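1. Sequence plus the predicted model coming up.
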Amino acid sequence: MYEDLSPVIYDGHKLPFENKQFDTAVIIHVLHHCEDGIEVLKEAKRVAKRVVFVEDTFRNSFEWLVGAVFDSLGNFEFWWHKYRKVSEWRQILAKNRWKITFFDEWGEMGIASLYGRYCMFVIE
(Lines give C-alpha, C1' and ligand atoms only; values in the text may rest on other atoms or scores of the structure.)
Protein backbone atom coordinates (compact mmCIF):
# COMPACT_ATOMS: atom_id res chain seq x y z
CA MET A 1 0.00 0.00 0.00
CA TYR A 2 2.73 2.49 1.03
CA GLU A 3 5.89 1.23 -0.58
CA ASP A 4 7.95 4.15 0.71
CA LEU A 5 7.23 3.21 4.35
CA SER A 6 9.33 0.73 6.25
CA PRO A 7 9.33 -0.20 9.94
CA VAL A 8 11.98 1.27 12.21
CA ILE A 9 13.04 -0.80 15.19
CA TYR A 10 14.63 1.07 18.06
CA ASP A 11 16.35 0.08 21.29
CA GLY A 12 13.44 1.08 23.52
CA HIS A 13 15.28 4.13 24.81
CA LYS A 14 16.17 6.55 22.04
CA LEU A 15 14.19 6.92 18.82
CA PRO A 16 16.51 7.31 15.81
CA PHE A 17 15.02 10.65 14.73
CA GLU A 18 15.88 14.31 15.11
CA ASN A 19 14.20 16.63 17.62
CA LYS A 20 10.75 17.74 16.41
CA GLN A 21 11.23 15.84 13.14
CA PHE A 22 7.52 14.95 13.01
CA ASP A 23 4.36 16.99 13.43
CA THR A 24 2.52 14.26 15.35
CA ALA A 25 3.30 10.98 17.10
CA VAL A 26 0.51 8.54 17.99
CA ILE A 27 0.79 6.00 20.81
CA ILE A 28 -2.25 3.76 21.30
CA HIS A 29 -2.52 1.26 24.18
CA VAL A 30 1.27 0.91 24.43
CA LEU A 31 2.63 2.79 27.43
CA HIS A 32 1.30 0.42 30.10
CA HIS A 33 3.18 -2.43 28.37
CA CYS A 34 6.54 -0.61 28.47
CA GLU A 35 9.16 -1.09 31.15
CA ASP A 36 9.28 2.71 31.42
CA GLY A 37 6.26 4.17 29.66
CA ILE A 38 7.15 7.71 30.72
CA GLU A 39 10.54 7.42 29.02
CA VAL A 40 8.78 6.26 25.84
CA LEU A 41 6.38 9.21 26.06
CA LYS A 42 9.30 11.62 26.57
CA GLU A 43 11.02 10.26 23.47
CA ALA A 44 7.86 10.60 21.41
CA LYS A 45 7.54 14.19 22.62
CA ARG A 46 11.18 14.85 21.72
CA VAL A 47 10.75 13.75 18.09
CA ALA A 48 7.24 15.17 17.55
CA LYS A 49 5.67 18.57 18.06
CA ARG A 50 2.43 16.94 19.23
CA VAL A 51 1.75 13.56 20.80
CA VAL A 52 -1.61 11.81 20.84
CA PHE A 53 -1.81 8.91 23.26
CA VAL A 54 -4.59 6.59 24.34
CA GLU A 55 -4.18 4.48 27.45
CA ASP A 56 -6.18 2.08 29.56
CA THR A 57 -7.19 3.72 32.82
CA PHE A 58 -9.24 2.96 35.92
CA ARG A 59 -11.22 4.77 38.60
CA ASN A 60 -11.07 2.22 41.42
CA SER A 61 -9.32 -0.99 42.47
CA PHE A 62 -12.06 -3.19 40.99
CA GLU A 63 -11.63 -1.65 37.52
CA TRP A 64 -7.86 -1.99 37.88
CA LEU A 65 -8.06 -5.68 38.81
CA VAL A 66 -10.56 -6.67 36.13
CA GLY A 67 -8.67 -4.66 33.49
CA ALA A 68 -5.33 -6.19 34.51
CA VAL A 69 -6.69 -9.75 34.36
CA PHE A 70 -8.36 -9.29 30.96
CA ASP A 71 -5.35 -7.46 29.51
CA SER A 72 -2.98 -10.18 30.71
CA LEU A 73 -5.17 -12.94 29.31
CA GLY A 74 -5.87 -11.11 26.05
CA ASN A 75 -2.20 -10.35 25.42
CA PHE A 76 -0.88 -13.59 26.92
CA GLU A 77 1.39 -11.50 29.16
CA PHE A 78 1.16 -12.71 32.71
CA TRP A 79 2.50 -9.82 34.73
CA TRP A 80 0.96 -6.60 35.94
CA HIS A 81 1.09 -3.69 33.59
CA LYS A 82 1.55 -0.11 34.76
CA TYR A 83 -1.94 1.37 34.51
CA ARG A 84 -2.47 4.95 35.66
CA LYS A 85 -5.48 6.95 36.74
CA VAL A 86 -6.30 10.09 34.76
CA SER A 87 -5.12 12.15 37.73
CA GLU A 88 -1.72 10.41 37.58
CA TRP A 89 -1.41 11.18 33.87
CA ARG A 90 -2.27 14.81 34.52
CA GLN A 91 0.46 15.00 37.20
CA ILE A 92 3.04 13.47 34.84
CA LEU A 93 2.12 15.87 32.04
CA ALA A 94 2.24 18.88 34.38
CA LYS A 95 5.60 17.79 35.82
CA ASN A 96 7.05 17.71 32.30
CA ARG A 97 5.39 21.04 31.45
CA TRP A 98 3.49 19.61 28.52
CA LYS A 99 0.37 21.46 27.46
CA ILE A 100 -2.82 19.39 27.21
CA THR A 101 -4.65 20.55 24.08
CA PHE A 102 -7.30 17.83 24.16
CA PHE A 103 -8.54 15.25 26.65
CA ASP A 104 -11.26 12.61 26.62
CA GLU A 105 -12.19 9.65 28.79
CA TRP A 106 -14.66 6.89 28.00
CA GLY A 107 -15.68 3.35 28.81
CA GLU A 108 -16.90 0.34 26.91
CA MET A 109 -20.57 -0.54 26.76
CA GLY A 110 -22.34 -3.58 28.19
CA ILE A 111 -20.35 -6.37 29.87
CA ALA A 112 -17.10 -4.95 28.47
CA SER A 113 -17.67 -1.88 30.65
CA LEU A 114 -16.29 -3.95 33.54
CA TYR A 115 -12.79 -3.76 32.10
CA GLY A 116 -12.78 -1.24 29.27
CA ARG A 117 -11.92 2.28 30.45
CA TYR A 118 -9.71 4.57 28.37
CA CYS A 119 -8.31 8.07 28.25
CA MET A 120 -6.84 10.11 25.43
CA PHE A 121 -4.52 13.08 25.74
CA VAL A 122 -3.13 15.34 23.04
CA ILE A 123 -0.07 17.17 24.30
CA GLU A 124 2.18 19.85 22.89
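-> Received, thanks.
2. how about low-confidence regions in the protein?
-> Low-confidence segments of the chain, defined by pLDDT under 70, are located at 64-65, 68, 71-75, 77-80, 109-115.
3. mind listing the strands for this structure?
-> Assigned strands in the chain, in chain order: 22-28, 48-56, 100-107, 117-123 (criterion: DSSP state E).
4. now the ones you listed in CSV, with distance to E3 and mean neighbour count?
-> The C-beta positions use only the backbone N, C-alpha and C, and glycine is treated the same way. Formatted as CSV, the strands of the chain follow (distance: least, C-beta to C-beta, whole Å; neighbours: other C-beta atoms under 10 Å):
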stretch, distance to E3, mean neighbour count
strand 22-28, 20, 14
strand 48-56, 24, 20
strand 100-107, 33, 12
strand 117-123, 30, 19
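5. now the ones you listed as a markdown table including distance to H81?
-> As requested, the strands of the chain are arranged in a markdown table below (distance: least, C-beta to C-beta, whole Å):
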| stretch | distance to H81 |
| --- | --- |
| strand 22-28 | 14 |
| strand 48-56 | 8 |
| strand 100-107 | 18 |
| strand 117-123 | 14 |
